[in-house]
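> Here is my input; please provide its structure:
(one chain, ligands or ions: 2)
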Amino acid sequence: MEKRCPADQSELVSQGKAWACPTCGAHYRVQGHCMDCGAEMERLQACGASNWFCPQCNELKSRTRVRTSLARD
Ligand SMILES: [Zn+2]
Ligand SMILES: [Zn+2]
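Ligands and ions are numbered 1, 2, ... in the order given. You can find the predicted model right below:
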């Protein structure tokens, strides 16, 4: 998925877990919200793949049940 800086629409560069904008230097992280209950989710890294866990539903969610957004770090 392509990510763009909300401020200047530059394409963000991956820096581990964070994303950096080469134009304005802002750092962002990806936040996930559960589509079932709306709670903020935890991102779990396992075997190179990332999974989303909802603490409120107490279960792992597939990507299609996660609404992601960029939060400024
Ligand atoms: Zn920017
Ligand atoms: Zn949930």
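
> Just list the residues touching Glu59, thanks.
Phe53 (Cβ atoms under 8 Å, 6 or more residues apart in numbering). Any C-beta I mention is one placed from the backbone N, CA and C, and that applies to glycine too.

> In stretch 30-44, which residues are buried?
Neighbour counts using 16 or more other Cβ atoms under 10 Å place 30, 32-34, 41 of stretch 30-44 among the buried residues.

> Centroid-nearest residue for this protein?
Val30 (2.2 Å; Cα atoms, centre = their mean).

> Mind telling me what element the closest residue to it other than its chain neighbours is part of?
Nearest-residue entry for Val30: Thr68, 5.5 Å, with adjacent residues in sequence omitted and distances by Cβ to Cβ, 6 or more residues apart in numbering. Counting by DSSP states H and E, the element that carries Thr68 is strand 66-72.

> rewinding a little: tell me, which of the buried residues of stretch 30-44 make contact with ligand 2?
Among the buried residues of stretch 30-44, the residues within reach of ligand 2 (Cβ under 5 Å from the ion) are Cys34.

> Between the buried residues of stretch 30-44, which has the least confident prediction?
The member of the buried residues of stretch 30-44 with the lowest pLDDT is Val30, at 89.

> Look up how far Lys17 lies from it.
8 Å (Cβ to Cβ, to the nearest Å).

> can you check Ala7 too?
20 Å.

> rewinding a little: verify the stated contact: the residue nearest to Val30 with Gly32.
Yes - contact criterion Cβ atoms under 8 Å: Thr68 and Gly32 qualify, at 5.2 Å.

> circling back: name the residues contacting each of Val30 and Lys17.
Common neighbours of Val30 and Lys17 (criterion: Cβ under 8 Å, 6+ apart): Arg43.

> Farthest-apart pair in the buried residues of stretch 30-44, please.
Val30 and Cys34 (14.3 Å; Cβ to Cβ).

> Pairing partners for the helix or strand bottoming out on mean pLDDT in the chain, with directions?
Sorting the helices and strands of the chain by mean pLDDT, DSSP states H and E puts strand 42-46 at the bottom, at a mean of 85. Strand pairing for strand 42-46, using DSSP bridges, gives strand 49-54 (antiparallel).
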